[in-house]
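1. need a structure here:
(chains A, B and C)
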Amino acid sequence: MAKRVLLIEDEPNIIEAISFILTRDGWTVHTHSDGETAADRVRQLPPDMIILDVMLPGRSGFDILRDLRADPQTETIPVMMLTARGQTKDREMAMRLGASHFMTKPFSNAEVLEHVRSLVEG
Amino acid sequence: MAPPPGQPLFLARAGYRQRRLRDALRLLPVFGAILWMLPLLWPKGSDEGYSNGNALIYIFAVWVLLIGAALLMSRRLRPEGAIEEAEDADR
Amino acid sequence: MLTFNLLVAVALSYVAFLFIVAFVAERRAAQGDDAWLSAPVIYTLSLSIYCTAWTFYGAVGYAARSGLEYLTIYLGPSLVMLGWWWVLRKLVRIGRTHRITSIADLISSRFGKSTALGVIVTLLCIVGVAPYIALQLQSITLSFAVFAGEGGAVWEASDLNSVALWSAAGLALFTVLFGTRNLDANERHHGVVMAIAVEAVVKLAALLAVGIFVVWGIGGGVASTLDRIETSDIAHWEQSGGRWMGLTFLSAAAFLCLPRMFHVLVVENANERHLATASWAFPTYVMLMSLFVVPIAVVGLDILPAGSNPDLFVLSVPLSQGREGLATLSFLGGFSSATSMVIVATIALATMVSNHIVVPIWLRSRSQGAMMSGDVRAIVLMARRVSIGAVLALGYVYYRVSGGGGALAAIGLISFAGVAQILPVMLGAIFWRGATRIGAAAGLLTGFAIWGWSLFLPSFGEDAVIPMSVMSQGPWGIGWLRPQALFGIDGIDPLLHATFWSILLNAAMFVLCSLISFPNPLERLQGAQFVNVFEHSQGARAWAPNAAQAEDLLIMVQRIIGPGQAQSIFQKAAAAQGKEGYLPDVTPEFVQSIERLLSGSVGAATAHAMVSQVTEGASVSVEDLIAVADEAAQILEYSSKLEAKSAEQERTARALRDANAKLTALSIQKDAFLSQISHELRTPMTSIRAFSEILQDGGLPAEAQRKYAGIIQEEATRLTRLLDDLLDLTVLENGQVVLHPQEGMLHDLLDRAVSAAGLRDGGIRIVRRKADEGVSLLTDLDRLGQVFINLISNAQKYCDAKTPELRIVVHRVAGGTVVDFVDNGTGIPPAQQQVIFEKFSRLGDHARAGGAGLGLAICREIMERLGGRVSYLPGQGGAAFRVTLPKPEALAAE
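-> Numbers count the residues shown, from 1 in each chain, chains lettered A, B, ... in the order given. This next block holds a predicted model:
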């Protein structure tokens, strides 16, 4: 059974790009673009890993991450964070909150794939 | 004409002098009263008492002394307005 | 041999000379040439009225009887003058500032212009001084008698009485002529002062001449005169300490309190600086006056037959040596001493009697007492003239009743002790604000009573007024009330006894009653001004009636209601009178309005007192009055100051808080903006890069290829737009923009803007009233359109209403034509209204924004360039922006 990835992102073009890359690699991709309901979506699924954007409408990616890490049901799910702001303090914040990996946009497709694989299988 | 650079210092000093002069003015009558009361400590009576001649000379000497002091001070005393101005300049 | 007639002729010639001197001085003063009349030396010489005939003749007798004790009479005043900085300086300043006319006026004025106190002090002075005047009359008659005795003739008592009577009459005439010529506001008498200055010189010269004759003519030089002292009856120092100190104190007190001394020291003072000169010159004068007293006494005792009256040695010694010329000079010296004292004492007493007794009674007897009219001056002058006659008559009567005997000889010191009763109250008046009218009256009456009982009444002689039995056993057998042994303490010198108890209990009552009583407002007012006279008055100001009044009123009003309001009120009043500036004429209407104005701040009574003081030009200067209002106003002022201060601080703090909030918001916004820029740049770049790689990887169907290439293009356009915005803003901010004015109609421009804003279906609904939009424009239509587009698309992005709606309203206001863009959303919170036009600002969440938060900043810049405005319009329900269209001329000016 294909591993499930939940992509939480609000930019339609970026959703489309990442979905394409991961689907092509054999992953099942679920997408969600609203910050407020994202955590519920995680519990409902739950996915094998999560790709989480920082700047989301309704709720920031950091807050969602904090929720996930506080919930035993979701605390072990690997989370890869994405941000377009590219500030080091965002990276520090993400790692402190328990992100598995942190990536700055723009990224190379291969890089995304590599980290998704290593997080789920490694 | 602009005042010379040293002027404020001079004025401050003058203002200070004027203040001490007023202190001295206040003390002068106290000083005088004490000197004029001193003869009361002298021995009295016709035998070993001091003579009135000496007492007279003493009292008049004190008088002259006090008058001299008052004369000097009143000469140096500047009108009050001038003192205040000097002090203002000093501030 | 001098005949009696010749002596009378000499005396009359001398008097005539004094009349001329006084007359010339008055004339010169009237011509404004009073500089030399106001010289410090004249002032000092006028103080010499302290040396009366009692001291001129009596000092020698005193020395012959009691050794050096006579010196105390001069030591006290010398100390007072040397210590002028303490008391006299203040008295003189108060006297000049408040136009004090006498010592009774000083006390009365200080204690709330109390009529009762004025009467008490006046009566005290009359009782104390009238005998003193009698003493002068006696000395004049006695000196005549000496010459008569020399000539072998013994005068009948009636002759002496007629001399006394004629002397009194002559003195009354002189005093009336020169003492009541005018009713001067300053109460100065140039003629009198000049005459007594001349007399001062005469008496000093006379005494010095006699002294020099005695020491070098008879005594054989200084050394042998000293030897003569050593072998005389008064060779030894046997002074009682109590009397030495007590008399020094008494003479010092009398020097300040004697009505005539107060008159010359304070009332006649023309310049405060004269005190500095007199501080050494007057001690010099009295030192010279006392220099030869002991030699004259010793020589007199030596060469004159035993039983000769030592009080007249000054005359009898030269006469015994056949020196008639010297004796005549000496006679004139004594005559001068007596007359100058009588003249000034009479003027001083008459002023007090007329001001504090006669005039108040006269005013009260008239129905409308307070209404001052022109004839009051004449009444006052007449009252003075009558008072002068009455005082001299009293002196003469006293002389006749007392029989001119030895009882009078002691009256000098008794008189001193009497007027010294004023001292505690006087010092309290000028140094202690807590002193009250009740306290002053209690102290004065107590001191007066004890002095009368224990010193004055017994002085008439045994059984004369107080029966022997009372003297020895006390009234009704109450022992501790014996006049000369109060409280059972026996054996003290009567003079010391009376002085000690009277002054002590006087001061005690004064202080005690002051402490327990409460002053009325006027007392507190006057008290503050007297005690703080140096703080309140910058030198004595001359009274200049009209202009000063307006300005004084202005100063006063300013101090109470604040400069801004006061100035505008005065300016308006002046303008209403057709005057420029801030000083209107002081009309009754104006005064009334000011009074009403002030009563709002300080209460009606105080306002009335203050205003009437200023406008009537009474003895109170304005600064003082205000400072006085200290009592009431200080508290008021203080608390309002506090209020103002805290309000001011609050304003400052609020401004600071605002600025800080703005800065903080901006800096947060700026950080957010940079993040936003980063986000806005990286997001399209992410898509572009991801799809580029996907396309590179190949193997895609053609449709997908096209789609992804389209996304890349779209995102590239987005990047370009962002960069354009940034560039546009930079250009606008640097003022490098070039405008292209065109003519057009507003509704066309709005049409284009609405369609260019790219409204989606189901998006915001635009509500317009095209009828209002027929406004022709001459401006850069593209730029103005850019603003409109921005505002419309902002509304579209941010309006959070369920059925969003944007009303575009065009209307005219005072500033020109405006276009309002009002949506029906929740609007912008006040905190953010301040920063929305800042270029780094961006409201709320980024997600709904298509741009980087530069839109409004750009709008603001554009409108500034165009000569219009765009602003946030609060209170419209939703978010509302107002565009004020540029005026055609604003553009033309570009």
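
2. per-residue confidence at C:T284?
-> Reading off the confidence values, C:T284 has pLDDT 93.

3. so it touches B:A70, yeah?
-> No - with contacts defined as Cβ atoms under 8 Å, C:T284 does not count as touching B:A70, sitting 9.2 Å away. C-betas here are computed from N, CA, C, even on glycine.

4. Comparing those two, which shows the higher neighbour count?
-> Using other Cβ atoms under 10 Å in any protein chain shown as the criterion, C:T284 and B:A70 rank with B:A70 on top: 29 against 20.

5. Not counting sequence-adjacent ones, nearest residue to that one?
-> Nearest residue to B:A70, sequence neighbours excluded (Cβ to Cβ, 6 or more residues apart in numbering or on different chains): C:W280, at 3.8 Å.

6. moving C-terminal of the one helix or strand that neighbour maps to, what's the next helix or strand?
-> Taking DSSP states H and E as the criterion, the element that holds C:W280 is helix C:273-291. Counting by DSSP H and E, the next helix or strand C-terminal to helix C:273-291 is helix C:293-303.

7. Downstream of that next one, the next helix or strand is which one?
-> Counting by DSSP H and E, the element after helix C:293-303 in chain order, helix or strand, is helix C:313-320.

8. re the thing from before, buried residues in the helix holding C:W280, which are they?
-> Neighbour-count burial for helix C:273-291, counted by 16 or more other Cβ atoms under 10 Å in any protein chain shown, picks out C:274-287, C:289-291.

9. got the residues of chain B near chain C?
-> Of all the residues in chain B, those in contact range of chain C (Cβ under 8 Å from any Cβ of the partner chain) are B:22, B:25-26, B:28-30, B:32-33, B:36-37, B:39-40, B:42-46, B:49-56, B:59-60, B:63-64, B:66-68, B:70-71, B:74, B:77, B:79-81.

10. do chain A as well
-> Taking Cβ under 8 Å from any Cβ as the test, the list of chain A residues beside chain C reads A:10-11, A:13-14, A:16-18, A:20-21, A:55-57, A:84-87, A:104-110.

11. Pull up the gap between A:H115 and chain B, please.
-> As for A:H115, its distance to chain B is 76 Å (criterion: Cβ to the nearest Cβ, to the nearest Å).

12. Contacts only, for that residue.
-> A:M80, A:H101, A:M103 (Cβ atoms under 8 Å, 6 or more residues apart in numbering or on different chains).

13. quick one: what helix or strand has it in it?
-> Applying DSSP H and E, one finds A:H115 within helix A:109-121.

14. So which bits of that helix are buried?
-> When neighbours are counted by 16+ other Cβ under 10 Å, the buried residues of helix A:109-121 are found to be A:N109, A:V112, A:L113, A:H115, A:V116, A:L119, A:V120.

15. Then stretch C:819-831?
-> By neighbour count, and taking 16+ other Cβ under 10 Å as the criterion, the buried residues in stretch C:819-831 are C:V819, C:D820, C:F821, C:V822, C:D823, C:N824, C:G825, C:G827, C:I828.

16. Walk me through the domains of chain C.
-> Following automatic domain parsing, chain C resolves into domains at C:34-406, C:421-540, C:543-620, C:641-731, C:737-892.

17. Single out whichever of the buried residues of helix A:109-121 has the smallest pLDDT.
-> Scoring the buried residues of helix A:109-121 by pLDDT puts A:V120 last, at 85.

18. residues in contact with that residue?
-> Residues near A:V120 by Cβ under 8 Å, 6+ apart: A:K3, A:D48, A:M49, A:P78.

19. The third one reaches A:V116, doesn't it?
-> The reference is to A:M49. Yes - applying Cβ under 8 Å, one finds A:M49 in contact with A:V116, separated by 6.4 Å.

20. residues bridging contact with the two, i.e. touching both?
-> A:V5, A:M80.

21. Grab the most central residue of chain A for me.
-> The geometric centre of chain A, computed from its C-alpha atoms, lies nearest to A:I51 (Cα atoms, centre = their mean), at 1.4 Å.

22. got the contact list for it?
-> For A:I51, the contacting residues are A:V5, A:L6, A:L7, A:I8, A:E9, A:I18, A:V79, A:M80, A:L82, A:V112, A:V116, by Cβ under 8 Å, 6+ apart.

23. Could you single out the nearest of the residues you listed to chain B?
-> A:L82 (69.4 Å; Cβ to the nearest Cβ).

24. what about the residue of chain A at minimum distance from chain B, is that helix, strand or coil?
-> As assessed by Cβ to the nearest Cβ, chain B sits closest to A:K89 within chain A, at 54.9 Å. Secondary structure state of A:K89, per DSSP: H, G, I helix; E, B strand; the rest coil, is helix.

25. so what's it scoring on pLDDT?
-> Value for A:K89, per-residue pLDDT: 79.

26. likewise A:E92?
-> 86.

27. buried ones in the strand or helix carrying it?
-> Remark: A:E92 resides in helix A:88-96, with elements defined by DSSP H and E. Neighbour counts using 16+ other Cβ under 10 Å place A:D90, A:R91, A:M93, A:A94 of helix A:88-96 among the buried residues.

28. who's in contact with the helix or strand that it is followed by?
-> Helices and strands here follow DSSP H and E; after helix A:88-96, the next one along the chain is strand A:101-104. Judged by Cβ under 8 Å, 6+ apart, the contacts made with strand A:101-104 from elsewhere in the structure are A:78-84, A:86, A:90-91, A:94-95, A:111-112, A:115, A:119, C:682.

29. Quick check: phi and psi on residue 53?
-> Went with chain A since none was named. When quoted as degrees, to the nearest 10, the phi and psi of A:D53 stand at phi -80, psi 150.

30. Oops, wrong one, chain C.
-> Here is the backbone geometry of C:A53 (degrees, to the nearest 10): phi -60, psi -30.

31. Alright, calling it a day.
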